[in-house]
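Student: For reference, the sequence and a predicted model appear below.
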Number of protein chains: 2
Amino acid sequence: MQKSLDSLSGNRKAVCLFSGGLDSTTTLYVALSEGYLPLAVTFDYGQLHRREIEAARMIAESLNIKHQIVKISLPWGGSSLIDAALDIPENRSVLEMSEGIPSTYVPARNTIFLSFAMSLAEAQNCEAIFIGANALDYSGYPDCRPDYFELMEAVIRKGTKRGVEGKPLTIKAPLLHLKKSEIVKLGAALGVPFERTWSCYRGGEVPCSTCDACLLREKGFEEAGMHDPIRLTL
Amino acid sequence: MQKSLDSLSGNRKAVCLFSGGLDSTTTLYVALSEGYLPLAVTFDYGQLHRREIEAARMIAESLNIKHQIVKISLPWGGSSLIDAALDIPENRSVLEMSEGIPSTYVPARNTIFLSFAMSLAEAQNCEAIFIGANALDYSGYPDCRPDYFELMEAVIRKGTKRGVEGKPLTIKAPLLHLKKSEIVKLGAALGVPFERTWSCYRGGEVPCSTCDACLLREKGFEEAGMHDPIRLTL
């Protein structure tokens, strides 16, 4: 991280969508390593796994970066991540994850997150929006795919003052085409404190090891030939 | 309105973005007249002209429709509608309004509004999202133009479960290509209670008559050959 922290004096600001999970934390560290001054944003959208918000807060604090927790309300539900009456899928294979969209999908979540990021980026003169989306080892969410992000960049160009005026504002998803094991290796190389990140869709004391997020994370560490430190410290 | 209310028994639900102003109220009445069962949504985004929220609440109540006031926080500001330190432009001509984007532009506002509408529409199985945007007599906001809405429809198709599954969800902006006078005439024909709507960008006791919203509204009534009842009742 030394290189990244050294370059913090640069003026290129970037909004970093930062859930506190492995992917978004690695993405935040990528932004730092590229010399961006990050404005980290975590959404409190009523997720039942509220531990991730606390994880984000602690990581941001340790990095001494600007961090905004934005509270939004989605009272209409529609996802097992915000409605305890819906079941979170368990023990799915990667093949099963690639078929259909699971109950953990939160309607339009990334569009909501990106729209707030666009607003912040315009108001604070940022050049980029970082998002930790991944379209390989993921749960099949439609708003995590490359053509979706291309569309959202077009929305920035057409639908914001900054875009219309031709000032730079790009969406950067550096993990989009990486396997989970490659994300783990990248994070390790950048010094990501994996033990502080929280990926599990359940808000328990320890990761459940059965939800998609746990299974993909485990697979990533396994294929990277590494141990997940969260398993040692919890 | 009789026709509209008669057809409320239909099952086609639509999210209606509803600020409480002349345009969005007319749009809500259009949705009703087309037989949609509206879920009206008003955003409390820290606008200084908070009267419009109350206007929306009263109109929705009088129609006995579902109405959700969604509170969102845009602490980064960037607009004279939410930051009292910035000046709202005064006494601009229509020509001046057509040049550049004024301080009343709220960064990414319509993208934020539409993203919440997409989420609600998915969760509640709605077929349409109505928005009262107008690209003729307007303040020059980039997120009020036809190509912007086409992009947002593409975002729905690519970025939501509902879109990917091929279920209908369209953005309807019935006022997009109307002059303000035509909006006034349409509203009058549908029985819109103009006296209850609030358009002024300032939150005063009476409309200021100097902001873009007041001037465009006045122009609309004038060209329609009608009196704005808000001028009689306030």
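Tutor: Noted; the coordinates are in hand. Numbers count the residues shown, from 1 in each chain, chains lettered A, B, ... in the order given.
Student: Select the helix or strand of chain A having the lowest average pLDDT value.
Tutor: Least confident helix or strand, chain A: helix A:2-6 with a mean of 43, by mean pLDDT, DSSP states H and E.
Student: list the contacts for residue A:38?
Tutor: Going by Cβ atoms under 8 Å, 6 or more residues apart in numbering or on different chains, residue A:38 touches A:13, A:14, A:15, A:16, A:28, A:31, A:32, A:65, A:66, A:130. C-beta here means a position set from N, CA and C on the backbone, and glycine is covered the same way.
Student: can you confirm it is in a strand?
Tutor: Yes - the assignment for residue A:38 (DSSP: H, G, I helix; E, B strand; the rest coil) places it in a strand.
Student: Kindly state the beta-bridge partners for it.
Tutor: Beta-bridge partners for residue A:38, by DSSP bridges, are residue A:14.
Student: could you measure residue A:68 against chain B, distance?
Tutor: Residue A:68 sits 7 Å away from chain B, going by Cβ to the nearest Cβ, to the nearest Å.
Student: That residue touches residue A:40, doesn't it?
Tutor: Yes - with contact defined as Cβ atoms under 8 Å, residue A:68 reaches residue A:40; the gap is 7.2 Å.
Student: which one of these two has more residues nearby?
Tutor: Each of residue A:68 and residue A:40 has its neighbours counted (other Cβ atoms under 10 Å in any protein chain shown); residue A:40 has more, 25 against 17.
Student: ok but residue A:120 is inside a strand, no?
Tutor: No - the assignment for residue A:120, made by three-state DSSP, is helix rather than a strand.
Student: How many residues are close by it?
Tutor: Applying other Cβ under 10 Å, I find that residue A:120 has 24 neighbouring residues.
Student: was I right about it contacting residue A:40?
Tutor: No - at 10.6 Å, residue A:120 does not count as touching residue A:40 under the criterion of Cβ under 8 Å.
Student: which residues are common contacts for these two?
Tutor: residue A:68.
Student: are any of the contacts of residue A:38 buried, and which?
Tutor: A:13, A:14, A:15, A:16, A:28, A:31, A:32, A:65, A:130 (16 or more other Cβ atoms under 10 Å in any protein chain shown).
Student: element containing the fourth one?
Tutor: Spelled out, that is residue A:16. strand A:13-17 (DSSP states H and E).
Student: Using PDB, list the CA coordinates for the next helix or strand after that strand.
Tutor: Where DSSP H and E defines the elements, the next helix or strand beyond strand A:13-17 is helix A:22-33. As requested, C-alpha coordinates have been extracted for helix A:22-33 and formatted as PDB (Å, rounded to 0.1, in the frame of the first residue of the first chain):
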ATOM      1  CA  LEU A  22     -13.800  -8.700  -0.400                       C
ATOM      2  CA  ASP A  23     -14.500  -7.400  -3.900                       C
ATOM      3  CA  SER A  24     -15.300  -3.800  -3.100                       C
ATOM      4  CA  THR A  25     -12.400  -3.600  -0.600                       C
ATOM      5  CA  THR A  26     -10.000  -4.900  -3.300                       C
ATOM      6  CA  THR A  27     -11.500  -2.400  -5.700                       C
ATOM      7  CA  LEU A  28     -10.900   0.400  -3.200                       C
ATOM      8  CA  TYR A  29      -7.300  -0.700  -2.900                       C
ATOM      9  CA  VAL A  30      -7.000  -0.700  -6.800                       C
ATOM     10  CA  ALA A  31      -8.300   2.900  -6.800                       C
ATOM     11  CA  LEU A  32      -5.700   3.800  -4.300                       C
ATOM     12  CA  SER A  33      -2.900   2.000  -6.100                       C
END
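Student: Quick one: work out the angle between helix A:22-33 and strand A:13-17.
Tutor: Going by axes from the mean of the first three to the mean of the last three Cα atoms, to 10 degrees, helix A:22-33 is angled at 170 degrees with respect to strand A:13-17.
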